[in-house]
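Dropping a prediction and its sequence here:
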Amino acid sequence: MANTTSAKKATRKIARRTAVNKSRRTQMRGAVRTVEEAIKTGDRAAALKAMANAEPALMRAAQRNIIHKNNASRKVSRLTAQIAKLAK
């Protein structure tokens, strides 16, 4: 348990940040899930529309250190490749 006032404040700050990051992570995962569901159904137009929301969400999460930059880039790349396969 934190004893000093600065340590108590730090735990309050951490709790606030955690709540914000959890919310952002949930939003990002939801955006990715909608793209994956559209790909699974084979609906290219819906996948492209969902990808327009998912890509900025992923990159925003990477900017705010919720996920690693390379992780976000990899997810975007793989989703884009899967959408490209739908065109064939």
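Noted; the coordinates are in hand.

Tell me which residues are up against stretch 51-69.
Contacting residues not belonging to stretch 51-69 are listed as 21, 24-25, 27-28, 31-32, 34-35, 71-73, 75-76, 79-80, 83 [C-beta atoms under 8 Å, 6 or more residues apart in numbering]. Heads up, the C-betas are built off the backbone N, CA and C, glycines and all.

Can I have the buried ones of those as a PyMOL selection?
To isolate the buried ones among those in PyMOL, judged by 16 or more other C-beta atoms under 10 Å, type:
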select buried, resi 24+28+31+32+34+35+72+75+76+79+83
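
element containing the spatially most central residue of the chain, please.
Nearest to the mean C-alpha position of the chain, by C-alpha atoms, centre = their mean, lies Met28 at 2.9 Å. Following DSSP states H and E, one finds Met28 within helix 5-41.

Let me see the mean pLDDT of that helix.
Mean pLDDT, helix 5-41: 96.

Stretch 60-72 too?
Mean per-residue pLDDT for stretch 60-72: 97.

Buried residues, that stretch. List them.
Neighbour count says stretch 60-72 has Ala61, Ala62, Ile66, Ile67, Ala72 buried, by 16+ other C-beta under 10 Å.

Now render those residues as a markdown table, adding secondary structure and distance to Gly42.
A markdown table is the format used below for the buried residues of stretch 60-72 (DSSP: H, G, I helix; E, B strand; the rest coil; distance: C-beta to C-beta, whole Å):
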| residue | secondary structure | distance to Gly42 |
| --- | --- | --- |
| Ala61 | helix | 27 |
| Ala62 | helix | 29 |
| Ile66 | coil | 30 |
| Ile67 | coil | 28 |
| Ala72 | helix | 25 |
